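Engineer: could you look at this predicted model? Sequence included:
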Amino acid sequence: MSVLPCDSELSQVSTPLWGTVVAVQANFYQVQLEPGLKVGKLKGEGLEEDVPSEHSQPSIIQSVTLLCTRRTRLKKMGQRVMVGDRVVVEEPDWEGERGAIAEVLPRKTQLDRPPVANADEILLVFALADPPLDPYQLTRFLVKAESTGLGICLCLNKKDLVSDEQLQEWTSRLRNWGYEPVLISVHTHEGLEKLSQQLNHKITILAGPSGVGKSSLINELIPDVNVRVAAVSGKLSRGRHTTRHVELFDLPAGGLLADTPGFNQPDIDCPPEELAQYFPEARHRLATHRCQFSDCLHRDEPNCAVRGDWERYEYYLDLLENAIAWQDRLHQQADPESTMKAKTKGKGQTQYEPKLESKKYRRHSRRSQHQALEEVYQDSDES
Ligand SMILES: Nc1nc2c(ncn2[C@@H]2O[C@H](COP(=O)(O)OP(=O)(O)OP(=O)(O)O)[C@@H](O)[C@H]2O)c(=O)[nH]1
Ligand SMILES: [Zn+2]
């Protein structure tokens, strides 16, 4: 802990203290205080105990983390405290490194999976090779990232494993999708400086499939963290059961990075009519042209502005089925009888039978239904 005397800023002596929640463990919150002022002197550094008086010296305290509880009042209000929350801390116990969260500031953004408040950006990491870059999987991740409304930084790692031609091909292909990838190699350090600049002073959520080098990248960006790295083959991916545990790491140049295994298998759980907005190619088309029908799903409707020969249109159609399946499931959960029709049997008994699926969303492939089921199981597994 560094303590810098600073007489000139006496007027700013800070109670309450402000901080950012960097980790949540049961009912405890690690709050990293913003560099600020404290009246008094620190024990254990040859200084006497904290006794505020007119002779007390104010000190700037940098990078102090306090283990905090949440004030009962917040609990009663049902105020949730999330990683990334900006909070007011009261009653700091400097020696015991404890405190109490008295207030949560309004959130700029909020993600529920993973649970992170105030994130600015998603850093989506894929590898150019080993594992091979799969455009469909990349699209799923991109759509999921787009649906959060946060900024997206697409980063392609393992540049050292591919030829210049392949790099060129991927770059121009992704530009056509609407993305400008940052090409890096954690092994050779290429591109890392540019990437670090991109992350400065932001809360960034790291996402990407297993084996692409996320842990290696964290270790490189934050040298004292030491996140486990393993060979691609024979390694269990970081388990789903840690999904809800999110921690923010301090980036040396300012900014926080959240490592979130929970993003490894993105489900497409958005309303079908929103999906096109998550494809930059479709977004651009809709910015200049209109479909004939305002509720067009851009499949086979006449005079559709989105349908066309852009590369990912087939992926759009596929993910649309996922989104429709998700919405059907949601309707079913909300009102189980809505997908059943009543049939009167003899003796006045009523029995429910499944209705045909609603007209508008009738085209389900076996594949999307199968995926939907998998997702249901995943969800129940996690809760
Ligand atoms: N050739 C090459 N290999 C890399 C590079 N970055 C990481 N790797 C290797 O890729 C493998 C996987 O790296 P990890 O950092 O564990 O990948 P991860 O994304 O954290 O994987 P999960 O923990 O499963 O999510 C390791 O063997 C790394 O040494 C790179 O730039 N070039
Ligand atoms: Zn359309």
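Structural biologist: Happy to help now that I have it. Residues are numbered from 1 along each chain as shown. Ligands and ions are numbered 1, 2, ... in the order given.

Engineer: isn't residue 154 up against residue 177?
Structural biologist: No: if you go by C-beta atoms under 8 Å, residue 154 and residue 177 don't touch, sitting 9.2 Å apart. Any C-beta I mention is one placed from the backbone N, CA and C, and that applies to glycine too.

Engineer: who has more neighbours out of these two?
Structural biologist: Each of residue 154 and residue 177 has its neighbours counted (other C-beta atoms under 10 Å); residue 154 has more, 22 against 19.

Engineer: may I have the beta-bridge partners of the more buried one?
Structural biologist: Beta-bridge partners for residue 154, by DSSP bridges, are residue 124.

Engineer: contacts only, for it.
Structural biologist: For residue 154, the contacting residues are 124, 126, 142, 174, 179, 180, 181, 182, by C-beta atoms under 8 Å, 6 or more residues apart in numbering.

Engineer: do the same with residue 297
Structural biologist: 272, 273, 320.

Engineer: need the buried ones from those selected in ChimeraX.
Structural biologist: Burial among the contacts of residue 297 is assessed by 16 or more other C-beta atoms under 10 Å; the matching ChimeraX selection reads:
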select :272,320
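
Engineer: out of the contacts of residue 297, who's nearest ligand 2?
Structural biologist: Proximity of the contacts of residue 297 to ligand 2 (C-beta to the ion) peaks at residue 273, which lies at 10.1 Å.

Engineer: quick check: that closest one vs residue 68, distance?
Structural biologist: Separation of residue 273 from residue 68 (C-beta to C-beta, to the nearest Å): 42 Å.

Engineer: how about the residues of this structure by ligand 2?
Structural biologist: 291, 296, 298, 304, 306 (C-beta under 5 Å from the ion).

Engineer: reformat those as a markdown table; add neighbour count, distance to residue 135 and pLDDT.
Structural biologist: Shown next, in a markdown table, are those (neighbours: other C-beta atoms under 10 Å; distance: C-beta to C-beta, whole Å; pLDDT from 0 to 100):
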| residue | neighbour count | distance to residue 135 | pLDDT |
| --- | --- | --- | --- |
| 291 | 19 | 26 | 97 |
| 296 | 19 | 25 | 97 |
| 298 | 24 | 19 | 98 |
| 304 | 19 | 23 | 98 |
| 306 | 22 | 19 | 98 |
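
Engineer: okay, helices next: where are they in the stretch 1-150 of the chain?
Structural biologist: 72-77, 135-147 (DSSP state H, counting those that start in this stretch).

Engineer: pick the most buried one from the ones you listed.
Structural biologist: With neighbours defined by mean count of other C-beta atoms under 10 Å, none of the helices of the stretch 1-150 of the chain is more surrounded on average than helix 135-147, at a mean of 20.

Engineer: pLDDT of that helix, averaged?
Structural biologist: Averaging pLDDT along helix 135-147 gives 95.

Engineer: again, but for stretch 34-52
Structural biologist: Mean pLDDT, computed over stretch 34-52, is 47.

Engineer: please shift the residue numbers so they start at 43 in all later answers.
Structural biologist: Sure, I'll start numbering at 43, so the last one becomes stretch 76-94.

Engineer: picking that back up, ok, of the contacts of residue 196, which one's closest to residue 143?
Structural biologist: Lowest distance from residue 143 to the contacts of residue 196 (C-beta to C-beta) belongs to residue 166, with 31.4 Å.

Engineer: pull the contacting residues for the closest one.
Structural biologist: Counting by C-beta under 8 Å, 6+ apart, residue 166 touches 183, 184, 187, 194, 195, 196, 197, 249, 250.

Engineer: check the residues you listed against ligand 1 and report the nearest one.
Structural biologist: Nearest to ligand 1, judged by C-beta to the nearest ligand atom, of these is residue 250 at 6.1 Å.

Engineer: my guess is the closest one meets residue 175, correct?
Structural biologist: No: if you go by C-beta under 8 Å, residue 250 and residue 175 don't touch, sitting 11.1 Å apart.

Engineer: list the residues that contact residue 292.
Structural biologist: 64, 74, 105, 264, 298.

Engineer: swap in residue 112?
Structural biologist: Residue 112 sits next to 69, 71, 121, 123, 142, 143 when contact means C-beta under 8 Å, 6+ apart.

Engineer: of those residues - the most surrounded one?
Structural biologist: That'd be residue 71 among the contacts of residue 112, by other C-beta under 10 Å, with 25 neighbours.

Engineer: wouldn't it be in contact with residue 62 here?
Structural biologist: No: with contact defined as C-beta under 8 Å, residue 71 does not count as touching residue 62 (10.2 Å).

Engineer: which residues are common contacts for these two?
Structural biologist: In contact with both residue 71 and residue 62: residue 129, using C-beta under 8 Å, 6+ apart.

Engineer: residue 263 versus residue 288, what's the distance?
Structural biologist: Per C-beta to C-beta, residue 288 is found 17 Å from residue 263.

Engineer: residue of the stretch 93-242 of the chain closest to ligand 2, please.
Structural biologist: Using C-beta to the ion, the closest approach of the stretch 93-242 of the chain to ligand 2 is made by residue 185 at 17.2 Å.
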